[in-house]
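Student: attaching a predicted model along with its sequence, questions to come.
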Amino acid sequence: MFILGVTGNIGSGKSTVSDRLAHHGAVVSHSDPLAKEILQNDPEILASLAQRFGTDILNEAGILQKHILAERAFSTRDDQLFLNHLIHPEVRRITLDRIEIARSQGKSLFVVDAPLLFEAHADSITDGVLVVVAKRMFREGRVERRSSISSVDFERRDALQMPIDEKVRRADYVIDNDGTLIELLAKVDIFYKGLKL
């Protein structure tokens with residue numbers, strides 16, 4: 001089984017790439033939703049977050065108010081590192097479990113979709129890394145269309161990620177996503193055929 005890491009900076013379209021690989025039969029583990037699930041359900045992590053970022057990140061029912069946490073956790077690199085050190089080990093553990101299940105089922109391709117793949121050192125569990133790149137104007141436009149993140153929040157989150165040039169330097173494969181969705185899907189199809197799994 002080939003384990004492929006897929007990453008890119010905010011708005012690059014990496015999840016679309018991963019979903020297209022799933023269309024070809026890959027098992028995909030999306031790290032962002034997994035991290036959010038862990039945040040919502042792990043009482044020890046919630047307690048650590050409340051201690052660091054304030055008890056008002058939880059509502060009266062003790063449920064995490066993600067928008068408040070995001071505003072505070074993405075304000076500085078130290079705050080982001082604190083959050084990442086809490087979450088990444090658990091995301092890695094669950095991802096490794098998912099890899100073993102896919103391997104036992106005889107799957108040929110497993111995709112680890114992670115915006116912070118290199119930052120979390122998750123590239124160490126992959127056989128290769130695909131970086132999806134796009135010019136800033138395309139990335140910002142995509143983020144604006146799909147979520148309520150302001151341009152200020154986009155700027156702040158983008159600045160906290162590893163520069164795309166460094167991701168490309170570390171990549172085994174690169175897909176450019178400055179075109180249309182149809183063009184991107186065609187590139188992913190060609191990439192998948194090239195893996196010869």
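Tutor: Looks like it arrived, so ask away. Model, not experiment: these values are computed from the prediction.

Student: what is the helix ranked longest in the chain packed up against?
Tutor: In the chain, assigned by DSSP state H, the helix with the most residues is helix 77-104. The contact analysis (3 or more CB pairs under 8 Å, 6 or more residues apart in numbering; DSSP states H and E) places helix 77-104 against strand 27-30, helix 31-41, helix 43-53, helix 66-73, strand 109-113. C-beta: built from backbone N, CA, C; applies to glycine.

Student: give me the low-pLDDT residue ranges for this protein?
Tutor: 141, 143-144, 148, 150, 152, 159-160 (pLDDT under 70).

Student: winner for burial among the helices and strands packed on helix 77-104?
Tutor: strand 109-113 (a mean of 25; mean count of other CB atoms under 10 Å).

Student: who's in contact with whichever helix or strand comes after that strand?
Tutor: Once the chain leaves strand 109-113, the next helix or strand it forms, by DSSP states H and E, is strand 128-133. With contact meaning CB atoms under 8 Å, 6 or more residues apart in numbering, strand 128-133 is reached by 2-9, 12-14, 17, 117-118, 123, 164, 167-168, 170-177, 191.

Student: direction included, what does strand 128-133 pair up with?
Tutor: Partner strands for strand 128-133, per DSSP bridges, with pairing direction: strand 2-7 (parallel), strand 173-176 (parallel).

Student: by contact count, what packs against the helix or strand following the shortest one?
Tutor: This points to strand 173-176. The helix or strand immediately downstream of strand 173-176 is helix 181-195, counting by DSSP H and E. On a contact count with 3+ CB pairs under 8 Å, 6+ apart, helix 181-195 meets helix 14-23, strand 173-176.

Student: looking only at the first one, what residues are buried by neighbour count?
Tutor: Going back to what we said before, that points to helix 14-23. Neighbour counts over helix 14-23 (16 or more other CB atoms under 10 Å) mark 14-21 as buried.

Student: what's the burial count for D189?
Tutor: Neighbourhood size, D189 [other CB atoms under 10 Å]: 14.

Student: so who does it touch?
Tutor: So D189 contacts 20, 24 (CB under 8 Å, 6+ apart).

Student: ok so, going back, looking at the buried residues of helix 14-23, spot the one nearest I68.
Tutor: If you rank those by distance to I68 using CB to CB, S15 comes first, at 24.3 Å.

Student: thanks again, I'm all set now.
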